[in-house]
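Visitor: quick check, what structure comes out for this input:
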Amino acid sequence: MELNWAGNYEYAGAISYPPTLRQLQELTASSRRIRALGSRHSFNDIADTSGPLVVLDQLATPIEIDAASGSVTVSGAATYGFVATELARHGLALHNLASLPHISIAGAIATGTHGSGDRNGSLATAVSALELVTASGELLTVTRQSTANFAGMVVALGALGIVTRVTLDIQPTFDVRQDVFEQLPWQDVLDNFDDIMSSAYSVSLFTDWSGPALSQAWLKSRMDGAPVDWSQGFFGGRPATAGRHPLPGISSVNCTQQLGVPGVWADRLPHFKMAFTPSSGAELQSEYHVPRESAPQAIEAMRELSAQITPLLLVSEIRSVAADDLWLSPSYHRAGVALHFTWKPHQSGVEALLPVLEEALQPFFTRPHWGKLFHADAAALSGRYERFDDFRSLAARMDPEHKFRNEFLDRVVFGS
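Guide: Numbers count the residues shown, from 1 in each chain. Alright, predicted model coming up:
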């Protein structure tokens, strides 16, 4: 029995560990259905299949750093924590990281996973090239510079092939300080929302949606920018006097350094330390992206539902994400705000609540995170992505026999 990270989903496919690229190609060519399985941090059936589930951990794919061209090429199975550590050793950096550094690169970019920051696109925006095994077993390399429809091939939900190697944009290393403020009054947050979200390189707001104040604001500031001075407070919030975990009452020992202590980007941009490797998580997750200009109204809509949300919730996080041109990205052609929900492990209760949340957020042209729990199907989603039909056509050309299809894709992308 193979479960996902949260333990709420059991995979149907048989796990396969091809030891060489050639064997992966042969297995792909001979299979009727096949999918790749990464770090298992999806909370739905996006990665599953009735055929082989291939794990690429045994493929010998060295990291290739090209500082002159500003790029790094890595295995699709590599984790962001591994790549970040290697880049930092060479005085280099990625533009951003997700809150948890243990996720695989191919899985994160395929689902539009992101960090935070007004000027920071999702992790997929750093992708400049992909190597993938196609349905016929051929090895295909596509690049941002020379491949038509490349913008449709990055956030691709695993529908176009098995990604074996990824090339990412890199930059010189930088240091970051992380400051936490507590109990920001909601009225101050809503009245000054744009100023708050643009106050640091990366901003995360944590709440359970109840009460007159949100619990914490985490500010990650680059040290090569203008000096920060929050000695007078931060929009009504008081500075934390000790390290904080997003969940009240939980030790911050596994969280990255706070209290304004500078450190290299790889040790500050995630919320959790690289050395802390979670084997499982007793939680469920959902996330909805709304346009930046609609965020205060969407936040108010969630606060009005706090009586239904809060009893099922561990914590929610609010982050901003810059616009991009990736067809199925939740930030396609719009700057957005992500409303993230970390739920208690009550699957039936959460699933019953999701249609209520999505109805409340419907006026805001909401787009869900593809790897988390949501209720909408293809009929509801198709009108929210301008290139939705273009992606379906691209997938039909690249996978005419539907080798990479599964129940998830049939339900949320290719259904009528």
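
Visitor: ok, which stretches of the stretch 151-300 of the chain are helices?
Guide: 186-191, 193-197, 295-304 (DSSP state H, counting those that start in this stretch).

Visitor: would you turn those into JSON lines with distance to residue 230?
Guide: C-beta here means a position set from N, CA and C on the backbone, and glycine is covered the same way. Formatted as JSON lines, the helices of the stretch 151-300 of the chain follow (distance: least, Cβ to Cβ, whole Å):
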{"stretch": "helix 186-191", "distance to residue 230": "14"}
{"stretch": "helix 193-197", "distance to residue 230": "12"}
{"stretch": "helix 295-304", "distance to residue 230": "22"}
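
Visitor: out of those helices, nearest to residue 95?
Guide: helix 193-197 (17.2 Å; Cβ to Cβ).

Visitor: output the contacting helices and strands for that closest one.
Guide: strand 202-207, helix 295-304 (3 or more Cβ pairs under 8 Å, 6 or more residues apart in numbering; DSSP states H and E).

Visitor: go again with 10 Å.
Guide: helix 186-191, strand 202-207, strand 213-222, helix 295-304, strand 313-321 (3 or more Cβ pairs under 10 Å, 6 or more residues apart in numbering; DSSP states H and E).

Visitor: right, so these: which one is the most enclosed?
Guide: strand 202-207 (a mean of 24; mean count of other Cβ atoms under 10 Å).

Visitor: dump it to CSV, restricted to CA.
Guide: Provided in CSV are the C-alpha atoms of strand 202-207 (Å, rounded to 0.1, in the frame of the first residue of the first chain):
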residue,chain,number,x,y,z
SER,A,202,8.1,37.5,0.9
VAL,A,203,5.1,38.0,3.2
SER,A,204,2.9,35.4,4.8
LEU,A,205,-0.2,36.1,6.9
PHE,A,206,-1.5,33.4,9.2
THR,A,207,-5.0,33.2,10.5
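
Visitor: which strands or helices does that strand pack on?
Guide: Partner elements for strand 202-207 (3+ Cβ pairs under 10 Å, 6+ apart): strand 175-185, helix 186-191, helix 193-197, strand 213-222, helix 295-304, strand 313-321, strand 336-343.

Visitor: would TSV of those with distance to residue 389 be doable?
Guide: TSV is the format used below for those (distance: least, Cβ to Cβ, whole Å):
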stretch	distance to residue 389
strand 175-185	41
helix 186-191	37
helix 193-197	32
strand 213-222	38
helix 295-304	26
strand 313-321	24
strand 336-343	21
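
Visitor: can you put these in JSON lines and add distance to residue 370 and mean pLDDT?
Guide: Formatted as JSON lines, those follow (distance: least, Cβ to Cβ, whole Å; pLDDT from 0 to 100):
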{"stretch": "strand 175-185", "distance to residue 370": "28", "mean pLDDT": "97"}
{"stretch": "helix 186-191", "distance to residue 370": "28", "mean pLDDT": "97"}
{"stretch": "helix 193-197", "distance to residue 370": "23", "mean pLDDT": "97"}
{"stretch": "strand 213-222", "distance to residue 370": "25", "mean pLDDT": "97"}
{"stretch": "helix 295-304", "distance to residue 370": "19", "mean pLDDT": "98"}
{"stretch": "strand 313-321", "distance to residue 370": "14", "mean pLDDT": "97"}
{"stretch": "strand 336-343", "distance to residue 370": "13", "mean pLDDT": "98"}
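
Visitor: out of the ones you listed, nearest to residue 24?
Guide: Once those are compared by Cβ to Cβ, strand 313-321 is nearest, at 32.4 Å.
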